[in-house]
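> need a structure here:
(one chain, ligands or ions: 1)
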Amino acid sequence: PFPCLQPQPADPLLSLAQIAGADRRPSRLDLSVGVYRDEAGRTPVMRAVKAAEHRLAETQPTKAYLGILGNAVFLDHVRALVMPGVDAQDVAAIQTPGGTAALRLAAELLAAGKPDRTIWVGTPTWSNHLPLLGEARLDVRCFPAFDIATQAPLVDRMLDIIAAAAPGDAFLLQPLCHNPTGVDLMPDALAAIADALAARGVVPLIDIAYHGFGRSLDEDSERLSALLDRLPHALLTYSCSKNFGLYRERAGALFSINRGGALRDLITGNLQALARTSWSMPPDHGAAVVATILGDAALAADWRQELAAMVARVHAVRQALAGHGVVGAIDLGPVAGQSGMFSLLPFGAELVARLRGDHAVYIPDSGRINIAGLAAERVDGFVAALRAAQMR
Ligand code: LMR
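Model (predicted):
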């Protein structure tokens, strides 16, 4: 009944985590999927999340459907948290099953709004971006946007691409906690890119999956504001997986920002129609937890504090790694100044394979390290493995 189906390869990132999980060597170190771990290697349920869950269990009056747009209180709180300077009247919003569904819905909206649209994607990027955008029938075009040897974003290249793009094209942007490089654009570069996008009429698709993992929640929002303030139109996808530790609950949102408010109803109606034929209505629990936390001053303060401590832990690991300087041919120094969960170093396929085979250290073929998954006390062991793997 399915003559055209072809066998599909396993997702390279998620299957690597499974392989790592099955490795019984005591030195096993899984730095693959972007999941935060504490010093004991656990991915904790955050305190405020547990408290909100207890509260919901006691007080939630119904499990009736949420409606296609999802939890309006959640959407309001998240919008105010991530883009406090943007007028609510200019924003169409929909809750989605995680940030991935927000991206998929955004891509489908872009394709529905202009069927021949090209989306420009600077590489390297998240391993799911390209397949996901392609599935939505967008014409996906890649260009190199990062120099791994110098660990520098290729800002001029990005500006050239935007200048040569057709009006109405889209441009994928990760302005905070870039996955996989950990290298964020400086504010002046971000401003130049925003101005170029606005001047050319290119629509940015802004992927925010690590809000708060950069400097702090508020500083990350400020950085984002400097971008959004210059843009007449933008799509913004948001994930609560990392900053609320709600990974499996699939709490996310898509916001469409259009200044002047005129497009809001049109976009909302189209988002509803697209979501209805896909997941129909989003899952409740994760968004209800986020709405409960952000609607309660004490829970919100506790969440902020715990998130700040998690982010401080990641920064401390970055400092410890960078303190080792140059290890074989790899300079760990730049890791200190990078942000978010990841860094992308020039490991190469052979080194990645040796780390796995000889040292039970798992990183994806790209060489991306999930620094948020590394305990400070295991930094020395990781560096020793990195040195030994290069000497063999
Ligand atoms: C990652 O990049 O590791 C995370 O965003 C998890 C995922 O879904 O790939």
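> make it CA atoms for all contacts and neighbour counts henceforth
Fine.
> didn't Glu53 look like it was pressed against Ala291?
No - the pair Glu53 and Ala291 fails to qualify as a contact (CA atoms under 8 Å) at a distance of 11.1 Å.
> Can you give the contact residues for the helix or strand hosting Leu105?
In this structure, Leu105 is located in helix 98-113 according to DSSP states H and E. Residues external to helix 98-113 that are found in contact with it (CA atoms under 8 Å, 6 or more residues apart in numbering): 95-96, 117, 132-133, 136-138, 170, 205, 207, 209, 235, 237-241, 249-254, 270-271, 274-275.
> can you give me the helices in this structure?
Counting by DSSP state H, residue ranges of the helices within the chain are 12-22, 47-59, 72-82, 98-113, 129-135, 155-164, 187-200, 217-228, 264-276, 285-294, 297-323, 348-359, 379-391.
> so how far is the fifth one off the chain centroid?
Yep, that's helix 129-135 we're talking about. For helix 129-135, the distance from its own C-alpha centre to the chain's C-alpha centre is 15 Å (CA atoms, centre = their mean, to the nearest Å).
> I'd like the numbering to begin with 5 instead of 1 from here.
Done: numbering now begins at 5, and the last item shifts to helix 133-139.
> quick one: buried residues of it?
Neighbour-count burial for helix 133-139 flags 133-134, 136-137 (criterion: 16 or more other CA atoms under 10 Å).
> closest to Leu228 among those?
Of all the buried residues of helix 133-139, the one sitting nearest Leu228 is His133; the distance, using CA to CA, is 20.4 Å.
> now that closest one: how far from the ligand?
If you measure His133 against the ligand using CA to the nearest ligand atom, to the nearest Å, the figure is 9 Å.
> cool, Leu359 as well?
As judged by CA to the nearest ligand atom, Leu359 and the ligand stand 19 Å apart.
> What about the closest residue in space to that residue that isn't next to it in sequence, how many residues nearby?
Counting by CA to CA, 6 or more residues apart in numbering, the nearest residue to Leu359 once its immediate chain neighbours are dropped is Val365, at 5.2 Å. Counted with other CA atoms under 10 Å, the neighbours of Val365 add up to 23.
> cool, and Leu176?
Per other CA under 10 Å, the neighbour tally for Leu176 reads 18.
> shouldn't it be in contact with Thr122?
No - under the criterion of CA under 8 Å, Leu176 is not in contact with Thr122, lying 10.7 Å apart.
> ok, now which ones touch the residue in the stretch 205-354 of the chain that the ligand sits nearest to?
Residue nearest to the ligand within the stretch 205-354 of the chain: Ala213 (7.6 Å; CA to the nearest ligand atom). In this structure, Ala213 makes contact with 103, 241-246, judged by CA under 8 Å, 6+ apart.
> swap in Asp224?
Residues touching Asp224, when contacts are defined by CA under 8 Å, 6+ apart, comprise 180, 215-216, 218.
> for Lys118, same thing?
Contacts were defined as CA under 8 Å, 6+ apart; by that measure Lys118 touches Gly172.
> Return the residues of the protein in contact with the ligand.
Applying the criterion CA under 6 Å from any ligand atom, the portion of the chain that neighbours the ligand consists of 37-38, 130.
> For stretch 151-163, list every residue counted as buried.
Taking 16+ other CA under 10 Å as the basis for neighbour counts, the residues of stretch 151-163 that come out buried are 155, 157, 159, 162-163.
> Chain neighbours aside, what residue packs nearest to Asn77?
Rather than Asn, residue 77 is Val. Taking CA to CA, 6+ apart, and ignoring the residues beside it in sequence, Val77 has Ala295 as its nearest neighbour in space, at 6.1 Å.
> Kindly tell me how buried the one you found is, as a neighbour count.
Residues near Ala295, counting by other CA under 10 Å: 21.
> Could you report the separation of it from Met50?
Spatial separation of Ala295 from Met50 under the definition CA to CA, to the nearest Å is 15 Å.
> so how far is stretch 363-376 from its chain's centroid?
Taking CA atoms, centre = their mean, one finds the center of stretch 363-376 at 17 Å from the center of the full chain.
> which parts of that stretch are buried?
Taking 16+ other CA under 10 Å as the criterion, stretch 363-376 shows 363-376 as buried.
> Next: stretch 290-306.
Neighbour counts using 16+ other CA under 10 Å place 290-298, 303-304, 306 of stretch 290-306 among the buried residues.
> which of those lies closest to Asp233?
Within the set of the buried residues of stretch 290-306, Leu298 lies nearest Asp233; the separation is 24.1 Å, counting by CA to CA.
> circling back: can you list which of the contacts of helix 102-117 are found in strands?
Judged by DSSP state E, these include 99-100, 174, 209, 211, 239, 241-243, 255-258 as members of strands.
> Serialize the residues you listed to TSV and add fields for pLDDT.
TSV is the format used below for the ones in strands among the contacts of helix 102-117 (pLDDT from 0 to 100):
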residue	pLDDT
Gln99	98
Thr100	98
Ala174	98
Leu209	98
Asp211	98
Leu239	98
Thr241	98
Tyr242	98
Ser243	98
Ala255	98
Gly256	98
Ala257	98
Leu258	98
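> Of the buried residues of stretch 290-306, just say which sits nearest to Val90.
The closest of the buried residues of stretch 290-306, once distances to Val90 are taken by CA to CA, is Leu298, at 18.1 Å.
> How about the contacts made by the closest one?
Contacts of Leu298 (CA under 8 Å, 6+ apart): 81, 304.
> Regarding stretch 322-342, how distant is the last residue from the first?
Separation of the first and last residues of stretch 322-342 by CA to CA is 8 Å.
> Now neighbour count too, for the contacts of Asp224, in a markdown table please.
A markdown table is the format used below for those (neighbours: other CA atoms under 10 Å):
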| residue | neighbour count |
| --- | --- |
| Leu180 | 26 |
| His215 | 25 |
| Gly216 | 24 |
| Gly218 | 23 |
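> Now for Pro236, how many residues are close by?
That count, for Pro236 with other CA under 10 Å as the rule, works out to 17.
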